[in-house]
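Peer 1: My questions concern the predicted model and sequence given below.
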Amino acid sequence: MAHHALIVDDSSAVRAFVRASLEDAGFARVQEAETGFEALRLLASNAFDVVIVDINMPDINGLELLAFMKKSPRQQDARKILISTQVDGSDAKRGTELGADAFLQKPFEIDELRSLIRGLLGSAEEVSG
Amino acid sequence: MSDPRDNVQEEFLAEAHELVEALSRDLLLLDEAYHHDTRIDPNLINEIFRSVHTLKGIAGMFGYKHVGLVAHALEDLLDDLRLGRTSVEQRLLDVLFDSVERFQRLLALEDPQSSAEDSGVQAYVAAIRAIGLQPEEEADDPLQRYAIEAAVLSVLTEYEEHRLRACIREGLKLYRLRATFDLTAIDDSIESLREVTRDDAEIISYLPSLEGGNEDSIELVVLIASRVSEAELKAHFDGRYGIVEPIAERTHLPTLPPRLTSVPAAAMSMAPQPGEDPGQASLTSVANSVRVDIRKLDHLMNVVGELALVRGAIDRTVNRFKAEPTHRQSLMDLDRIGRGFERQLAELRTGILDVRMVPLGQVFNKLARIVRQAAREHDKQVRLVITGASTEVDKLIVEDLTDPLMHLIRNAIDHGIEPAGERQRVSKPAEGTLALNAYHKGSNVVIEVEDDGAGMNAHALREAALARGLLGSEVSHELTRQEMLNLVFLPGLSTSSEITNFSGRGVGMDVVKTNVLRMGGIISIASEPGTGTKITLTLPITLAIIRALIVTVASRTFALPITAVREAIPYSPEAVRTIQGREVITLRGQTLAICDLAGLFGFQSSSGQEGRFVIVGSMGNRELGFVVDGLIGQQDVIIKPLGKSLSAIRGFAGATDLGAQKVALVLDAPALFAEYFEGSGALRSLGARP
């Protein structure tokens, strides 16, 4: 298995945290985007297995990225995880309608992220970490 | 299994501190807007919210329980604020300001879970929660006034939707901009788009669409709420970015599906816009200003320098033919053409310089905020008077000026201007005055920072310098008052807070001076006890052209920026003594180290030659005499960077064309000083290490 993931979050600490968790879970390739624009660039030229997107970002927000992925032929197989918080629970609901497969509520635990990814990719594919 | 958190803890602390700093900066802006009844920029509140929001998220992940609790409570409060459920008031500001210090303390804790902090944090969180909501009446939903596509509405975050409502309520009109962006440059394009709209409109959201895009570009549907007319908005955007069209207002209001209902898939694609012709629309662009990267102007200035060289080469060729009478008429024509070329070249040079100029008002506005902030921090009354805000100066200088001026202003308020009570006791108005004056003087711009405070204590400065060992006691008694005041620029003197307090000046004055010198400027102080202090900065108007002293060393020509030169004196070999292996001369009773440039550059020394000079250079509080073979004169020069292969060579700031077929290297005075003083000094200290 050579899973390819994209993390979109404007917090470098969150990106580092998620990256470490993904690499720990056996992901072969993890890319990061600090802004929605960077994400658009990467989404236009790569097919990802998992895309983890923060909802609240300046400029292009997580929902706009989801809407884009929904229409983008390259990302039809991508599993989409939306990072949200309590305050914008309604935003998260919008995310479901735009095709988010799962949610992570900030702050989240490593185990939460791991089990979520396991669930999304199917336990058969899991690489022990 | 390892915990990935261990490796990224550093990342967390770095980001958390950055967020708290951003929070602190933004709160000051908010406070200022509130106290001056100016419109509070919704973006500012959103930025504050975002800082706290991000901090809350990461604090939770990294086990900083208390930071998380405080951030969470603040986040709720700020969310209410940005969504218009509560408004800015003094109590709210106080609570927010408290948070900055509290975050800093909590982040510094050895044990982020420490229960010793529990009660303090709980009390603070209670104080935050005690700030009540002021629920807003919603008569009808303003969103219903417009026929906005469901696809656009479905991607709005709660905050964006709130801004959209607020804009409609304020009477702004909605527009849709469809524009295709090059993916590699989209960040810059969006930044410039935002810049264009800053005062006239608010950008609500960007919806990427798949139409008209590929791997290299993408089409965005940008939702804009505008204060200005459709025509003005079109002038900003059409052709440059894409096509603007108004979003239709509904004449009768249908019932919109409530927020959070599902959007049918069919609605996801953007409705086609009939009758659109991008080619035609692009002809209507009438923007009359453009933003330019200053490096492009530097490049143009270099091209002008190159052209001057070409012109020199033509001159040389023409001169070769001058001996032959048969070409007389043609040569006269060529001469005339050459003079015309020279004029146009000069005009081009002036034109480029002019483009680089920006009014000092830009930096003064920033400083006005610092004045209010510092006055508030010190509980003093300060009136700021600005003159000459329209005085223009090179963009690069404006940018480098902010920090030094900020220091000077803070010093004036911290230490110069007295508290109101004290001022009244000495029959001064309770409110102190801080003046920022700017004006042109020849090819320089002069900026004065003047206060009517207590003035500086020259004797205290002298005592402080003595106590720090920065001044010999025998010299100290011969100092004039002005020389004592200048001690404030000594590195090492101004770092001590106790000295700062009684000298009445100090924080980082050596740094200010260094920055000013780096820009090729000079700084001077005038201060009268009881009356006030005036600091004067004299700076070149542009860095692209400098005044230089042209000298010769071993038959080669060099240019030395005049700002580094104090004076030039004739060199007499018999006056040279050697102290600790270094050559020195005595100048007006002071020992001056000298350095033969020929020797420094490894040329054949011309020590026996007559008519040599010592150029006395000064940099900070140091002086050094450069021995040169001859002085040619002063000239304005354009510094051109040395090519890549030469850029690593120290001691030269670049090259310049002196006209008349001459090219000279420009000496980098700070680097020469460093080479002379610190070059060997650093080696000595290395050798002394155990």
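Peer 2: Sure thing, it's come through.
Peer 1: What score does the residue in chain A that chain B sits nearest to have for pLDDT?
Peer 2: Per C-beta to the nearest C-beta, residue A:107 is where chain A lies closest to chain B, at 2.3 Å. All C-beta atoms are positioned from the backbone trio N, CA, C, and that covers glycine. Looking at residue A:107, its pLDDT reads 78.
Peer 1: I figured residue B:668 was touching residue B:653, is that so?
Peer 2: Yes - when contacts are counted by C-beta atoms under 8 Å, residue B:668 is listed as touching residue B:653 (4.0 Å).
Peer 1: max-length helix in chain B?
Peer 2: Assignment by DSSP state H gives helix B:5-35 as the longest helix of chain B.
Peer 1: Show me what secondary structure element comes after it.
Peer 2: Downstream of helix B:5-35, the next assigned helix or strand under DSSP states H and E is helix B:42-61.
Peer 1: just the angle between that next one and helix B:5-35, please?
Peer 2: Helix B:42-61 runs at 150 degrees relative to helix B:5-35, counting by axes from the mean of the first three to the mean of the last three C-alpha atoms, to 10 degrees.
Peer 1: Skipping adjacent residues, who's closest to the residue of chain A closest to chain B in space?
Peer 2: residue B:60 (2.3 Å; C-beta to C-beta, 6 or more residues apart in numbering or on different chains).
Peer 1: dump the residue contacts of the residue of chain A closest to chain B.
Peer 2: Residue A:107 is in contact with B:56-61, B:68, counting by C-beta atoms under 8 Å, 6 or more residues apart in numbering or on different chains.
Peer 1: and of these, the nearest to chain A?
Peer 2: Of all the contacts of residue A:107, chain A sits closest to residue B:60, with 2.3 Å by C-beta to the nearest C-beta.
Peer 1: Spell out the secondary structure type for the residue nearest in space to the middle of chain B.
Peer 2: Centroid check for chain B by C-alpha atoms, centre = their mean gives residue B:399 as the closest residue, at 3.6 Å. What DSSP: H, G, I helix; E, B strand; the rest coil gives for residue B:399 is helix.
Peer 1: That one and residue B:356: what is the separation?
Peer 2: Going from residue B:399 to residue B:356 by C-beta to C-beta, to the nearest Å gives 12 Å.
Peer 1: what about the strands in the stretch 351-500 of chain B?
Peer 2: Using DSSP state E, counting those that start in this stretch, the strands of the stretch 351-500 of chain B run over B:357-359, B:382-387, B:392-394, B:432-441, B:444-451.
Peer 1: Direction included, what does the third one pair up with?
Peer 2: The one in question is strand B:392-394. Sheet pairing of strand B:392-394 (DSSP bridges) gives strand B:357-359 (antiparallel).
Peer 1: buried ones in the partner strand?
Peer 2: Under the neighbour-count criterion of 16 or more other C-beta atoms under 10 Å in any protein chain shown, strand B:357-359 has residue B:358 buried.
Peer 1: Also stretch A:41-60?
Peer 2: Applying a neighbour-count criterion of 16+ other C-beta under 10 Å, the buried positions in stretch A:41-60 are A:41-44, A:48-57, A:59-60.
Peer 1: Figure out the length between the terminal residues of it.
Peer 2: 12 Å (C-alpha to C-alpha, to the nearest Å).
Peer 1: and that stretch with chain B, contact?
Peer 2: Yes - residues of stretch A:41-60 contacting chain B under C-beta under 8 Å from any C-beta of the partner chain: A:41, A:44-45, A:55-56, A:58-60.
Peer 1: Could you dump those into TSV with secondary structure, distance to residue A:81 and pLDDT added?
Peer 2: Shown next, in TSV, are these (DSSP: H, G, I helix; E, B strand; the rest coil; distance: C-beta to C-beta, whole Å; pLDDT from 0 to 100):
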residue	secondary structure	distance to residue A:81	pLDDT
A:41	helix	20	85
A:44	helix	20	85
A:45	helix	21	84
A:55	coil	11	88
A:56	coil	15	83
A:58	coil	20	79
A:59	coil	20	81
A:60	coil	17	87
